[in-house]
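have a look; sequence and predicted model below, questions after that.
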Amino acid sequence: MTKLSVNINKFATLRNARGGNRPDVLQTAKDCERFGAEGITIHPRPDERHIRYDDVVALKDAVTTEFNIEGYPNKRYLEIIAMAHPTQATLVPDPPDVLTSNAGWDTVKNHDFLKEIIIELKSYGVRTSIFVEPNATMVEGAARCGADRVELYTEAYARHYHESKENAIAPFAEAAKVAKTAGLEINAGHDLDLNNLKYMVNVIPEIDEVSIGHAIVCDAIYLGLENTIQLYLRQLKK
């Protein structure tokens with residue numbers, strides 16, 4: 001079954017908006033695992049507008065499932081990975097001022113940079129994933145950089161799902177085939193939700209992991225966190 005990694009950034013955003021420690025990000029991570037999540041994802045940013053450095057310190061010893069740290073691979077990010085030794089480092093090409101990840105890597109143009117970063121990450125024993133568009137050239141480029149996985153950026157799929165799910169999924173299914181041929185494992189994430197998730201993993205059963213945050217938090221407001229996680233896990237059953 002495709003694993004569900006819960007991105008807890010939005011819980012930290014809510015905490016930071018009011019100050020104090022409600023909701024408790026560390027307890028949220030533990031509860032997500034207790035409710036069935038198979039991984040915890042965070043994306044610390046330089047301005048600490050959601051996940052903070054001290055959150056990473058606390059989470060690295062508390063997460064008992066897979067721990068995935070996303071981010072742009074600058075010096076600060078590499079220091080965080082070296083300190084936390086997560087299960088996975090997901091490299092995202094976003095500058096500090098963007099609200100959320102909004103593009104995949106050009107793995108051809110950035111080949112030398114990414115290859116050097118991946119060598120360092122692997123020296124820490126960390127699995128590496130590169131955030132890419134559903135583009136065969138970019139997927140193959142990720143393999144040549146030495147990545148273990150690609151994370152398919154699924155915003156376009158989610159945006160066009162209700163127009164034609166068959167057309168929306170087509171480039172992602174093709175990119176997944178290219179990834180498997182290149183020896184890469186596959187993650188997926190961005191705007192996946194209870195409406196579009198099941199179709200994606202049914203059409204592309206090779207997906208190893210999905211990372212979902214914003215939709216889970218929105219659904220949890222109405223449905224409760226435990227029930228929401230269970231509903232998402234149900235969508236992932238083959």
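Cool, the structure landed.

only C-alpha atoms from now on, for both contacts and neighbour counts.
Noted.

which residues of the chain fall in helices?
Remark: helices assigned in the chain by DSSP state H are 9-18, 25-34, 53-62, 75-84, 111-123, 136-145, 155-160, 165-181, 197-203, 214-223, 225-236.

looking at these, which is closest to Thr2?
helix 225-236 (5.9 Å; Cα to Cα).

now the closest one - C-alpha only, PDB.
What follows is helix 225-236, C-alpha atoms only, in PDB (Å, rounded to 0.1, in the frame of the first residue of the first chain):
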ATOM      1  CA  LEU A 225      -7.900  14.400  12.900                       C
ATOM      2  CA  GLU A 226      -8.100  10.700  13.700                       C
ATOM      3  CA  ASN A 227     -11.100  10.200  11.400                       C
ATOM      4  CA  THR A 228      -9.500  12.200   8.600                       C
ATOM      5  CA  ILE A 229      -6.200  10.200   8.700                       C
ATOM      6  CA  GLN A 230      -8.300   7.000   8.600                       C
ATOM      7  CA  LEU A 231     -10.200   8.300   5.600                       C
ATOM      8  CA  TYR A 232      -7.000   9.100   3.700                       C
ATOM      9  CA  LEU A 233      -5.500   5.700   4.500                       C
ATOM     10  CA  ARG A 234      -8.700   4.100   3.200                       C
ATOM     11  CA  GLN A 235      -8.200   5.900  -0.100                       C
ATOM     12  CA  LEU A 236      -4.700   4.400  -0.400                       C
END
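
what angle do it and helix 214-223 make?
Counting by axes from the mean of the first three to the mean of the last three Cα atoms, to 10 degrees, helix 225-236 lies at 130 degrees to helix 214-223.

which outside residues touch helix 225-236?
1-4, 32, 35-37, 193-194, 197-198, 201, 216-217, 219-220 (Cα atoms under 8 Å, 6 or more residues apart in numbering).

how about stretch 172-187?
Contacts for stretch 172-187 (Cα under 8 Å, 6+ apart): 134-136, 139-140, 143, 147-152, 157, 203-204, 206-211.

return the members of the residues you listed classed as buried.
Among these, those that count as buried by neighbour count (16 or more other Cα atoms under 10 Å) are 134-136, 139-140, 143, 147-152, 157, 204, 206-211.

can you tell me which residues contact the residue positioned nearest the centre of the chain?
With the centre of the chain defined as its mean C-alpha position, the nearest residue by Cα atoms, centre = their mean is Ser211, 4.1 Å away. Ser211 makes contact with 4-7, 41, 187-190, according to Cα under 8 Å, 6+ apart.

thinking again about what came up before, tell me which of the helices of the chain sits nearest to Pro46.
Of all those, helix 75-84 sits nearest to Pro46, with 7.8 Å by Cα to Cα.

give me the mean pLDDT for the closest one.
Throughout helix 75-84, pLDDT has a mean value of 96.
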